[in-house]
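Engineer: sequence-free structure coming up:
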Ligand SMILES: Nc1ncnc2c1ncn2[C@@H]1O[C@H](COP(=O)(O)OP(=O)(O)OP(=O)(O)O)[C@@H](O)[C@H]1O
Ligand SMILES: [Mg+2]
């Protein structure tokens with residue numbers, strides 16, 4: 001730091017000398033002047049061993065804010081808050097309305113990158129505008145200046161700056177206000193996405209939860225990997241399980257974990273494959289595209305598609321189903337969204353526009369889906385969300401009641417081994433009752449609920465057994481009658 005300061009002072013002394021020189025240069029002959037200028041510049045670069053790069057806030061068009069400038073601003077915000085003495089504060093319009101600090105003009109912060117020391121300073125040029133302006137601020141041109149030793153030129157230009165821009169953009173994404181898009185026909189409309197669900201509040205087996213979190217984080221950081229292997233940067237998740245087991249909650253938690261936007265795609269409102277493609281191309285990078293209840297949205301189970309084709313083609317069952325799908329693609333534009341249209345989009349034709357995207361399908365009936373739709377590579381990860389286990393219940397109890405253990409847990413544990421209850425139902429019992437926060441009331445209510453469910457399950461099983469017996473009896477009677485007839 002001291003060395004840099006020394007050279008900075010030396011630089012300003014030389015600059016002052018050059019200023020004096022500029023005032024008196026007219027008294028020297030032209031040739032001598034150009035020689036002196038040339039050698040003085042060389043002298044400056046020789047004795048001033050630092051390189052400076054300036055990033056202006058506005059470049060090119062007057063009102064276009066430089067992307068690099070705002071990325072640097074974000075990148076420096078954490079450093080500024082710890083190092084700078086004078087700070088500027090502003091509120092970011094994100095879901096938390098958080099305060100973002102940046103260094104004030106003419107402040108300096110230092111940074112380190114692979115052992116290299118660098119300095120960032122902020123400043124502004126004030127130009128006196130001759131024209132009367134309603135926007136006097138535009139006459140102040142802010143900039144960030146990066147200073148580093150010339151020995152590190154390549155490293156800084158090749159890797160450091162790229163990493164600053166990348167991290168700056170990532171911080172911006174984390175701070176931005178996220179959106180929930182829904183489609184009305186072929187148009188997206190959006191509202192601010194403010195779902196409080198997180199993976200911490202999601203009740204499921206801890207190992208399974210951790211595996212999903214790791215998978216998501218790995219995906220979000222794997223840009224280079226996807227580029228190298230030549231795959232579109234996307235990943236498909238299929239969430240399946242009974243209603244109320246946390247599929248939609250998990251999607252919100254995913255969006256909150258990664259800071260992505262959500263596109264809730266209502267397939268039934270999409271007219272055809274062309275419209276589907278248009279909608280998907282309009283989705284932004286860093287987003288999760290969700291198709292809920294895929295089995296209900298459309299009859300994408302394959303059977304109907306084939307049946308439809310059979311009608312068109314005269315029911316040739318031996319035909320390769322793939323060929324059928326290709327043909328169906330060429331059907332008139334008024335046709336509904338087809339399985340093949342959806343498969344094409346998952347296969348990455350649409351993702352030529354780049355950027356990371358997750359595609360999430362949810363269903364209550366995985367067995368009803370066409371295997372082509374859910375094979376690996378299309379839906380990379382299949383996640384089963386199931387009935388509440390005792391471990392998941394403990395997570396809910398901690399979240400809802402702030403307790404890790406209780407004497408009633410033993411009985412609850414036993415009941416969870418005997419009866420199925422969805423996390424949504426368990427959560428309902430744990431919601432504050434007449435006396436808010438009364439743990440015993442909530443736990444008793446859950447025990448009652450579980451016992452009732454057990455009773456119902458028992459009655460159902462008995463009924464089913466009876467029906468089976470009756471059926472068996474009817475069958476044996478008909479068989480006897482048949483045998484009697486034959487005789
Ligand atoms: N695993 C869970 N952890 C925490 N809360 C849960 C969990 N599962 C369900 N819930 C609670 O139950 C409610 C309903 O869950 P959710 O909407 O996520 O279910 P779903 O699986 O999407 O159901 P459906 O198949 O009907 O769409 C949520 O508001 C949430 O509070
Ligand atoms: Mg749901």
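Structural biologist: In hand now; what should we look at? Treat the numbers as computed from the prediction; the structure is a model and nothing was measured. Ligands and ions are numbered 1, 2, ... in the order given.

Engineer: From residue 359, how far off is the residue nearest the centre of the chain?
Structural biologist: In the chain, the residue lying closest to the centroid (CA atoms, centre = their mean) is residue 260, at 2.7 Å. Using CB to CB, to the nearest Å, we find residue 260 at a distance of 12 Å from residue 359. Backbone N, C-alpha and C define where each C-beta goes, glycine included.

Engineer: Correct me if wrong, but residue 189 is in a strand.
Structural biologist: Yes: counting by DSSP: H, G, I helix; E, B strand; the rest coil, residue 189 is found in a strand.

Engineer: for residue 421, helix, strand, or coil?
Structural biologist: Residue 421 is classified as coil under three-state DSSP.

Engineer: who's in contact with it?
Structural biologist: 387, 388, 449, 450, 453 (CB atoms under 8 Å, 6 or more residues apart in numbering).

Engineer: Now it: phi and psi?
Structural biologist: Here is the backbone geometry of residue 421 (degrees, to the nearest 10): phi -140, psi 140.

Engineer: gap between it and residue 116?
Structural biologist: 58 Å.

Engineer: Equivalent analysis for residue 160, please.
Structural biologist: For residue 160, the distance to residue 116 - CB to CB - is 7 Å.

Engineer: now residue 270
Structural biologist: 52 Å.

Engineer: quick one: which of those two has more around it?
Structural biologist: More crowded of residue 270 and residue 116, by other CB atoms under 10 Å: residue 270, with 24 against 15.

Engineer: interface residues of the stretch 351-487 of the chain facing ligand 1?
Structural biologist: Within the stretch 351-487 of the chain, the positions lying close to ligand 1 (CB under 6 Å from any ligand atom) are 364, 385, 423, 424, 427.

Engineer: Most neighbours among those residues, which one is it?
Structural biologist: residue 423 (24 neighbours).

Engineer: wait, it sits on residue 397?
Structural biologist: No: counting by CB atoms under 8 Å, residue 423 does not reach residue 397; the two are 11.6 Å apart.

Engineer: what's the overlap in contacts for those two?
Structural biologist: Here residue 423 and residue 397 share no contacting residue, scored by CB under 8 Å, 6+ apart.

Engineer: Contacts for the host helix or strand of residue 154, please.
Structural biologist: Using DSSP states H and E, the secondary-structure element containing residue 154 is helix 153-155. Contacts of helix 153-155 from elsewhere in the structure, counted by CB under 8 Å, 6+ apart, are 51, 113, 114, 116.

Engineer: Over to stretch 377-388?
Structural biologist: Residues outside stretch 377-388 that contact it (CB under 8 Å, 6+ apart): 203-204, 208, 212, 215, 235-242, 245-247, 250, 343, 346-347, 359, 361, 366, 372-374, 396, 416, 420-423, 425-426.

Engineer: Which one of the residues in the stretch 201-350 of the chain is closest to ligand 2?
Structural biologist: residue 248 (3.2 Å; CB to the ion).

Engineer: For that residue, give me the pLDDT.
Structural biologist: On pLDDT, residue 248 comes in at 95.

Engineer: Same question for residue 39.
Structural biologist: Model confidence at residue 39, given as pLDDT, is 80.

Engineer: Relative to residue 285, how far out is it?
Structural biologist: Relative to residue 285, residue 39 is positioned 51 Å away (CB to CB).

Engineer: Show me where the stretch 301-450 of the chain has its helices.
Structural biologist: For the stretch 301-450 of the chain, applying DSSP state H, counting those that start in this stretch gives helices covering 303-313, 321-329, 339-346, 371-374, 390-401, 409-418, 423-430, 439-486.

Engineer: hmm, I was thinking of the stretch 51-200 of the chain
Structural biologist: Taking DSSP H, counting those that start in this stretch as the criterion, the stretch 51-200 of the chain carries its helices at 67-83, 153-155, 161-175.

Engineer: Please identify which of the ones you listed is closest to ligand 1.
Structural biologist: Across the helices of the stretch 51-200 of the chain, ligand 1 has its closest neighbour in helix 161-175 (24.1 Å, CB to the nearest ligand atom).

Engineer: Which strands or helices does the closest one pack on?
Structural biologist: Where contact means 3 or more CB pairs under 8 Å, 6 or more residues apart in numbering; DSSP states H and E, helix 161-175 is packed against helix 67-83.

Engineer: ok, and for the helix it packs on, which residues are buried?
Structural biologist: Across helix 67-83, burial judged by 16 or more other CB atoms under 10 Å covers 68, 69, 71, 72, 73, 74, 75, 76, 77, 80, 81, 83.

Engineer: Now distance to ligand 2 too, for these, in a markdown table please.
Structural biologist: Output for those, formatted as a markdown table (distance: CB to the ion, whole Å):
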| residue | distance to ligand 2 |
| --- | --- |
| 68 | 41 |
| 69 | 42 |
| 71 | 37 |
| 72 | 41 |
| 73 | 39 |
| 74 | 35 |
| 75 | 38 |
| 76 | 41 |
| 77 | 37 |
| 80 | 42 |
| 81 | 40 |
| 83 | 46 |
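
Engineer: just those: which has the poorest pLDDT?
Structural biologist: Within these, lowest confidence goes to residue 81 (72).

Engineer: Leaving aside the residues adjacent along the chain, what's closest to that one?
Structural biologist: residue 101 (4.4 Å; CB to CB, 6 or more residues apart in numbering).

Engineer: Which strand residues bridge that neighbour?
Structural biologist: Note on residue 101: beta-bridge partners by DSSP bridges are residue 89.

Engineer: hang on, it packs against residue 83?
Structural biologist: No: using CB under 8 Å, residue 101 makes no contact with residue 83, being 10.9 Å away.

Engineer: check contacts around residue 156.
Structural biologist: Neighbouring residues of residue 156 by CB under 8 Å, 6+ apart: 51, 113, 116, 118, 146, 148.

Engineer: how close does the fourth one sit to ligand 1?
Structural biologist: Translated: residue 118. For residue 118, the distance to ligand 1 (CB to the nearest ligand atom, to the nearest Å) stands at 46 Å.

Engineer: list the contacts for that residue?
Structural biologist: Counting by CB under 8 Å, 6+ apart, residue 118 makes contact with 110, 111, 112, 146, 147, 148, 156, 160.

Engineer: roughly how far apart are residue 196 and residue 385?
Structural biologist: 19 Å.

Engineer: Relative to ligand 2, how far out is the residue nearest to residue 81?
Structural biologist: The gap separating residue 101 from ligand 2 is 39 Å, by CB to the ion, to the nearest Å.

Engineer: what do you get for residue 458?
Structural biologist: When distance is defined by CB to the ion, residue 458 is 29 Å away from ligand 2.

Engineer: What degree of burial does that residue show, as a neighbour count?
Structural biologist: Count around residue 458 with other CB under 10 Å applied: 12.

Engineer: for the one 5 residues further on, same thing?
Structural biologist: Around residue 463 sit 10 other residues, with neighbours defined as other CB under 10 Å.
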